[in-house]
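[1] Dropping a prediction and its sequence here:
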Amino acid sequence: MSAGSTDPPVLRGRVHPDVRRRVDVEVSTAWSGPATPGIPDRPTARVLTEVVGGAQRELPAKTYAARPYEPLTAALRAAVARGVDVHLVVETRAGAAALLSGPEPADAFAAVPGVRLRHRAPERRQNPRARQHAELAVADRRILLLGGANLTEAAVRRNLEAGVLVTGGAAPQRAAEPIRELQRRGVPRPLPN
């Protein structure tokens, strides 16, 4: 800058192409549990059904436990009717080694024909104490819900649970890739109908 000039200094240089490219990413939270007056919240139940409702092509999801929950069942039925390829990986009672009681988690989706159910066979686990404990859903590799809530009414409505909803960017794509790659390798196997 020359003496007496009021122009701001100019930095010259090259910007890396990845920096120049604008990436629109929206990150928000999903909560289950007691209401917090004055703080906007997005209940996990609503966010989960919105993620399923937003899928147009594919919806891989994983959960440890599952129980019938009508809003989710309705959203999954509508997704299958739209032609969405829905793959759900669930734990089984045998895989949980007596840590899950009641009906098989996969039974929660029996009322949704067209959902492809998979599980990680206990005999194919490197450690017999390993569990299928990822809770996530990815719509079209562009919307990711990642958290601790199982696909049960208790988890999405009553328990204190937290999750993160990511729309856009690389995270949804990166979350879907290992699910599909493991399926390609036959790690989560189809559950018998």
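    Cool, the structure landed.
[2] going forward, measure contacts and count neighbours with C-alpha atoms only.
    Noted.
[3] model confidence over the host helix or strand of Arg189, on average?
    When secondary structure is defined by DSSP states H and E, Arg189 falls within strand 188-190. Across strand 188-190, the average pLDDT comes to 88.
[4] Give the pairing partners of that strand; include direction for each.
    Here the strand partners of strand 188-190, with direction, are listed using DSSP bridges: strand 116-120 (antiparallel).
[5] how about the helix or strand following the strand it pairs with as CSV, C-alpha atoms only?
    If you walk from strand 116-120 toward the C-terminus, the next helix or strand you reach (DSSP H and E) is strand 135-139. Written as CSV, here are the backbone C-alpha positions of strand 135-139 (Å, rounded to 0.1, in the frame of the first residue of the first chain):
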residue,chain,number,x,y,z
GLU,A,135,-27.9,-46.5,14.8
LEU,A,136,-28.2,-44.5,11.6
ALA,A,137,-30.2,-43.9,8.5
VAL,A,138,-29.0,-42.4,5.2
ALA,A,139,-31.4,-41.1,2.5
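[6] contacting residues around strand 135-139?
    Outside strand 135-139, the residues within contact range by Cα atoms under 8 Å, 6 or more residues apart in numbering are 48, 51-52, 54-64, 144-150, 172, 175-176.
[7] What of stretch 80-96?
    So stretch 80-96 is in contact with 55-66, 76, 79, 99-101, 104-106, 113-122, 131-133, 188, going by Cα under 8 Å, 6+ apart.
[8] Nearest residue to the middle of the protein?
    The C-alpha lying nearest the average C-alpha coordinate of the chain belongs to Ala137 (Cα atoms, centre = their mean; 2.0 Å).
[9] Just the strands from the protein, written as ranges.
    With DSSP state E as the definition, the chain shows strands at residue ranges 26-32, 58-63, 85-90, 116-120, 135-139, 143-147, 161-167, 188-190.
[10] I'd like these written out as CSV, with distance to Leu72 added.
    What follows is the strands of the chain, written out as CSV (distance: least, Cα to Cα, whole Å):
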stretch, distance to Leu72
strand 26-32, 15
strand 58-63, 12
strand 85-90, 13
strand 116-120, 15
strand 135-139, 12
strand 143-147, 14
strand 161-167, 17
strand 188-190, 21
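[11] ok so, going back, the residue nearest to the centre of the chain - nearest residue in space that isn't next to it in sequence?
    With Cα to Cα, 6 or more residues apart in numbering as the criterion, Ala137 has its nearest non-adjacent residue at 4.1 Å, and that residue is Ala61.
[12] Now for this protein: which helix has the highest residue count?
    The residue-count maximum for a helix in the chain (DSSP state H) belongs to helix 171-184.
[13] Now it - C-alpha only, CSV.
    Below are the C-alpha coordinates for helix 171-184, written out as CSV (Å, rounded to 0.1, in the frame of the first residue of the first chain):
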residue,chain,number,x,y,z
ALA,A,171,-20.8,-37.2,5.6
PRO,A,172,-24.0,-38.9,4.2
GLN,A,173,-22.0,-40.4,1.3
ARG,A,174,-19.2,-41.6,3.6
ALA,A,175,-21.7,-43.1,6.0
ALA,A,176,-23.5,-45.0,3.2
GLU,A,177,-20.4,-46.4,1.6
PRO,A,178,-19.3,-48.8,4.3
ILE,A,179,-22.8,-50.1,4.7
ARG,A,180,-23.0,-50.9,1.0
GLU,A,181,-19.5,-52.3,0.9
LEU,A,182,-20.1,-54.6,3.8
GLN,A,183,-23.3,-55.8,2.1
ARG,A,184,-21.4,-56.4,-1.1
